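In: I would like to see how this sequence folds:
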Amino acid sequence: MPAYPGDATREIASAFETLPRGSVVSEVARRLLERFTSGDIEPGTRLPPERALAESLGVGRSAVREALAALELLGIVDVRPGSGTYLRGAASELLPKTLSWGLMLGQRRTRDLIEVRNELEVQAARLAAERATEEELALMREHLESMRKHEGDLQQFVDADLRFHLQIGLSAGNPVLLDLLQSLRSLIRVWVDRALHDEHHIRLAVEEHTRVYEGIASRDPARADEAMQAHMLTASQRLVASLDSNGS
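Out: Next up is the predicted model:
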C-alpha cells in the first residue's frame, strides 16, 4: 500500500490549520474527515502519526486519537497497532453529515439510538453464529481475552469491547448491517466510555461478553440471540444511567 514517508508525511500534516479552542475532538474529527474525503489522499495511504497531526492542528494527541477512533468505527480509516493508520477508501457523501449529527447529538436522541443499536447487535450475533469462520472466532476470543487482561485499564478495556463487537458485525457477513452498527457505535461512544466506571460493571460486562461469544462459537443462533439480548439490556441500563447522571 502507498505510504507517506519523510517530507510527504509532514506535508499532509501541515495541510491542517490550527484549531480554535472549544469542542476539540469534534473539530478534529470534522477536519480530518474533510481532508480524507478531499480526494487528495489515495485510498490505502498510510497517514501521518498522531504526533504530527496533533502538532499541525494545535491540539493534544489524545484528541487526535479519539477522533481517529471515531473515524475507524465509521469505516473511514484502519488503525493497525504497530503499523500506523491507513485511509480505507472514499467515504460516502452521507458520512460527513452522519458524523456532524452524532457529534452534536443530544442526550434525548441518544436514547433512541441505543434502542436501535440493541436490535442490530442482536441480529448481528444471530448471523455471526451462522456465518463466523474459525479465524473470526479466534479474533473474538482474542478481543475477549484483551478485555479480561485490561479490566484495570478502562480505555484499553473499552477499546477491546468495541473491537469484540466490531468483529461480530464483520462475522455477520452483512455490509449494510455492519455500516449501521459502526455509525451507531461511534455516535454513542462517549456515553459507552462513561457507563463503565467501576469494577462491578466491568466484571459483569466480561461475563456477558463471554456468554455472547459462547453462543456464537456453539453455532447456535438462538443462544447467541439470548446472550446478546441479556447483554444489551444491562448495557442499556448503564448507558441510560450515565445519561441521567449528566442531566438528561
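
In: if you count neighbours, what's buried in the helix or strand harbouring Ile114?
Out: Under the criterion of DSSP states H and E, Ile114 resides in helix 107-131. Judged by neighbour count (16 or more other C-beta atoms under 10 Å), helix 107-131 contains these buried residues: 110-111, 113-114, 117-118, 120-129, 131. C-beta here means a position set from N, CA and C on the backbone, and glycine is covered the same way.

In: cool, and stretch 169-188?
Out: Residues of stretch 169-188 classed as buried by neighbour count (16+ other C-beta under 10 Å): 169-174, 177-188.

In: ok, residues contacting stretch 69-78?
Out: Applying C-beta atoms under 8 Å, 6 or more residues apart in numbering, the contact partners of stretch 69-78 are 25, 29, 32-33, 36-37, 47, 68, 79, 85-88, 91, 95, 98-99, 159, 162, 166, 178-179, 182-183, 185-186, 189.

In: give me the subset of the buried residues of stretch 169-188 that lies in helices.
Out: 169-171, 177-188 (DSSP state H).

In: coming back round to it: helices or strands up against the helix holding Ile114?
Out: Judged by 3 or more C-beta pairs under 8 Å, 6 or more residues apart in numbering; DSSP states H and E, helix 107-131 is in contact with helix 154-171, helix 175-195, helix 199-217, helix 221-245.

In: could you tell me the least trusted of those helices?
Out: Ranked by mean pLDDT, those end with helix 175-195 at the bottom, a mean of 75.

In: quick one on the thing from earlier: deepest of the helices and strands packed on helix 107-131, which one?
Out: helix 154-171 (a mean of 20; mean count of other C-beta atoms under 10 Å).

In: output it as PDB, nothing but the C-alphas.
Out: The C-alpha coordinates for helix 154-171 follow below in PDB (Å, rounded to 0.1, in the frame of the first residue of the first chain):
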ATOM      1  CA  LEU A 154     -10.600   1.500  31.300                       C
ATOM      2  CA  GLN A 155      -9.500   2.900  28.000                       C
ATOM      3  CA  GLN A 156      -7.900  -0.400  26.900                       C
ATOM      4  CA  PHE A 157     -10.900  -2.300  28.200                       C
ATOM      5  CA  VAL A 158     -13.400  -0.100  26.200                       C
ATOM      6  CA  ASP A 159     -11.200  -0.500  23.000                       C
ATOM      7  CA  ALA A 160     -11.200  -4.300  23.300                       C
ATOM      8  CA  ASP A 161     -15.000  -4.200  24.000                       C
ATOM      9  CA  LEU A 162     -15.600  -2.200  20.800                       C
ATOM     10  CA  ARG A 163     -13.300  -4.500  18.700                       C
ATOM     11  CA  PHE A 164     -15.200  -7.500  20.000                       C
ATOM     12  CA  HIS A 165     -18.500  -6.100  18.800                       C
ATOM     13  CA  LEU A 166     -16.900  -4.900  15.500                       C
ATOM     14  CA  GLN A 167     -15.700  -8.500  14.900                       C
ATOM     15  CA  ILE A 168     -19.300  -9.800  15.500                       C
ATOM     16  CA  GLY A 169     -20.500  -7.300  12.900                       C
ATOM     17  CA  LEU A 170     -17.900  -8.300  10.400                       C
ATOM     18  CA  SER A 171     -18.600 -12.000  11.000                       C
END
